[in-house]
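Undergrad: below is the structure, and that's it, no one-letter string:
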């Protein structure tokens, strides 16, 4: 049940990220496109984000139903204690998810 919740949250985050990216592009007074970056600043525990992504990717499949992690490949998260940083938690999650997948 926790995995389903995490997957649903992940999909929601993807939709929100797409909408945010679309809204970041606006036009200045001359009609030229400009980017407006909107980032939140939250306390982020990177170890928790990476552990969650590791668990999610281990049990995820692609559109064809094939596991994202190939047979013979073991996805391991062996992190020591990491500091809590101030960052956009959703963007950090997206970055690490993209790196792992």
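TA: Now that the structure is in, tell me what you want to look at. Bear in mind that the values here come from a model prediction, so they are computed numbers and not experimental data.

Undergrad: only C-alpha atoms from now on, for both contacts and neighbour counts.
TA: Fine.

Undergrad: helices or strands up against the helix or strand containing residue 96?
TA: For residue 96, the host element (DSSP states H and E) is helix 89-100. Under the contact criterion of 3 or more C-alpha pairs under 8 Å, 6 or more residues apart in numbering; DSSP states H and E, helix 89-100 touches strand 42-45, helix 46-58.

Undergrad: which other residues reach it?
TA: Around helix 89-100, the neighbours that count as contacts under C-alpha atoms under 8 Å, 6 or more residues apart in numbering are 13, 40, 41, 42, 43, 44, 46, 49, 50, 53, 54, 57.

Undergrad: could you give the angle of it to helix 46-58?
TA: 50 degrees (axes from the mean of the first three to the mean of the last three C-alpha atoms, to 10 degrees).

Undergrad: where does pLDDT dip in this protein?
TA: The chain contains residues with pLDDT under 70 at 1, 20-38.

Undergrad: quick one: residues contacting residue 2.
TA: By C-alpha under 8 Å, 6+ apart, the contact set of residue 2 is empty.

Undergrad: for residue 67, see how far away it is.
TA: 19 Å (C-alpha to C-alpha, to the nearest Å).

Undergrad: list the buried ones in the helix holding residue 96?
TA: By 16 or more other C-alpha atoms under 10 Å, the buried positions in helix 89-100 come out as 89, 90, 92, 93, 94, 97.

Undergrad: try stretch 2-18
TA: Neighbour counts over stretch 2-18 (16+ other C-alpha under 10 Å) mark 7, 10, 13 as buried.

Undergrad: between the residues you listed, which is nearest residue 75?
TA: residue 7 (17.8 Å; C-alpha to C-alpha).

Undergrad: could I get the helices and strands packed on helix 89-100 in a markdown table, plus columns for distance to residue 75 and mean neighbour count?
TA: Below are the helices and strands packed on helix 89-100 laid out as a markdown table (distance: least, C-alpha to C-alpha, whole Å; neighbours: other C-alpha atoms under 10 Å):
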| stretch | distance to residue 75 | mean neighbour count |
| --- | --- | --- |
| strand 42-45 | 20 | 15 |
| helix 46-58 | 7 | 17 |
